[in-house]
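Asks: coords please:
(one chain, ligands or ions: 1)
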Amino acid sequence: MSFLRLTNVSRKYPGQNLAAVNDISFELQKGEILSIVGENGSGKTTLLKIIGGVEDTDGGEVRLLGELVTGPAYNLVPGHAEIKMLAQDLRLMPKHTIIENISYNLRGYVQEFQDERLEYLISLFRLQGLENKRPAQLSGGQQQRAALASALAEEPALLLLDEPFSSLDIMLKDEIRHKVIRQAREDGDTLIFVTHEVKDALSLSDKVAVMKAGKIVQMDRPQAVYEQPRDEYVAYLFGSVNLLSANDLFRAFPELKKNKDLHWNDKVCFRPGKISICASETGINHGLVIGADYMGDTYELEVEVEGVVLKVNSKKCYQRGDKLGIYIHPDDIHVLEE
Ligand SMILES: Nc1ncnc2c1ncn2[C@@H]1O[C@H](COP(=O)(O)OP(=O)(O)OP(=O)(O)O)[C@@H](O)[C@H]1O
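Replies: This next block holds a predicted model:
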């Protein structure tokens, strides 16, 4: 039996023409970490809320370990005992201190475990010195750290996080998100998180679900959504990409004609990092640098080859007008399905 199973789940809000979530089905196994990404309004939060039992569906069903998860229309207290959802709007108890907020979620455990877990969470989320303050006395980022600590306290069967790291300082963001996900992984927790940060989706999850207009357009391993996107939308969502017709591909790389059986108007794509640069004299294909953007660790070059402009990653700095040779391995060319 799968841990979580969604079957044909749909939700159309009153007054909306299009469904916010449209006929979604997927399964998740215990211990898997899934991220949900997609443009604004694509239905990510609605999907998460349905899974958490805090939003109703118009059709389809959600099952956790075979048991039906129902929405607020069927429950006096919305939500599911085994599922914890941390929404963008933080839910700390306003009249209680931070330590009381976290402890509340630990009340069912033996004292020794409570003390140990409390100390661990205070330190993990850098809440030392804030333990006895109330939420209103904390900044937005501190409140988010406290809410994360409180959500992680009780180790629910399924943890749902909606943009969990959005208001953290840039300095703490990396540290905390890696710690949270690493901890979830070590504990064997099952976790679904919505994020706008595609880097987080790629680096922290086992699977990525890409949403567009209420549908999941691709759900796959991070490497697959990045390197083998199903369509242009998925390709562009994950950053810089070369997207061109087979015709243009063969103009820039004529040697590929013997390896790749493509129709002239097939759409192909590959990331800028897949192109190798070699000395102009030795390179099979001669390119001219027409632009160079500094990206930190690398430069992203715009290189023109036989009238085709390609994005190319380079460790070395090139100037406009420089000549270089480029090469790509045939296996690194991905043909889009649509
Ligand atoms: N309570 C609501 N009532 C009516 N329409 C809603 C409600 N909540 C969301 N919607 C609409 O449903 C669609 C999906 O919204 P949702 O918040 O799920 O998308 P999202 O992908 O999470 O967006 P974002 O990235 O902006 O947070 C949008 O068109 C939104 O306007």
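
Asks: how about low-confidence regions in the stretch 1-150 of the chain?
Replies: 88-90 (pLDDT under 70).

Asks: what do you get if the cut-off is 90, keeping everything else the same?
Replies: 1-2, 70-92, 105-109, 124-126, 139-145, 147-150 (pLDDT under 90).

Asks: which bits of it sit near the ligand?
Replies: Residues of the stretch 1-150 of the chain lying near the ligand by Cβ under 6 Å from any ligand atom: 13, 16, 20, 38, 40-46. Heads up, the C-betas are built off the backbone N, CA and C, glycines and all.

Asks: quick check: closest non-adjacent residue to Ala151.
Replies: Spatial nearest neighbour of Ala151, excluding adjacent residues (Cβ to Cβ, 6 or more residues apart in numbering): Leu86 at 4.2 Å.

Asks: Leu121 now?
Replies: Sequence neighbours aside, Ala149 is the residue nearest to Leu121 in space, at 4.2 Å (criterion: Cβ to Cβ, 6+ apart).

Asks: hang on, the earlier thing: any chance of a markdown table for the residues of the stretch 1-150 of the chain next to the ligand, columns secondary structure?
Replies: Listed next are these as a markdown table, based on DSSP: H, G, I helix; E, B strand; the rest coil:
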| residue | secondary structure |
| --- | --- |
| Tyr13 | coil |
| Gln16 | coil |
| Ala20 | coil |
| Gly38 | strand |
| Asn40 | coil |
| Gly41 | coil |
| Ser42 | coil |
| Gly43 | coil |
| Lys44 | helix |
| Thr45 | helix |
| Thr46 | helix |
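
Asks: now, among the residues you listed, which is nearest to Gly31?
Replies: Proximity of these to Gly31, judged by Cβ to Cβ, is greatest for Lys44, which lies at 22.0 Å.

Asks: ok, the closest one - contacts?
Replies: With contact taken as Cβ atoms under 8 Å, 6 or more residues apart in numbering, Lys44 is in contact with 36-38, 162, 194, 211.

Asks: 10 Å instead, please
Replies: Lys44 sits next to 20-21, 35-38, 162-163, 193-196, 209-211 when contact means Cβ atoms under 10 Å, 6 or more residues apart in numbering.

Asks: Asn247 now?
Replies: 262-266, 268, 308.

Asks: let's see 7 Å
Replies: Counting by Cβ atoms under 7 Å, 6 or more residues apart in numbering, Asn247 makes contact with 264-265.

Asks: nearest residue to Arg185 other than its sequence neighbours?
Replies: Spatial nearest neighbour of Arg185, excluding adjacent residues (Cβ to Cβ, 6+ apart): Ile33 at 6.7 Å.

Asks: please work out which residue of the stretch 201-338 of the chain is closest to the ligand.
Replies: Closest to the ligand within the stretch 201-338 of the chain is Met211: 6.3 Å, counting by Cβ to the nearest ligand atom.

Asks: just to be sure, that residue is in a strand?
Replies: Yes. Per three-state DSSP, Met211 lies within a strand segment.

Asks: that one pairs with what?
Replies: Assessed by DSSP bridges, Met211 has beta-bridge partners Gly38, Ile216.

Asks: pretty sure it contacts Ser35?
Replies: No. Contact criterion Cβ atoms under 7 Å: Met211 and Ser35 do not qualify, at 10.9 Å.

Asks: dump the residue contacts of the residue nearest to Arg185.
Replies: 181, 184-185, 191, 204-206.
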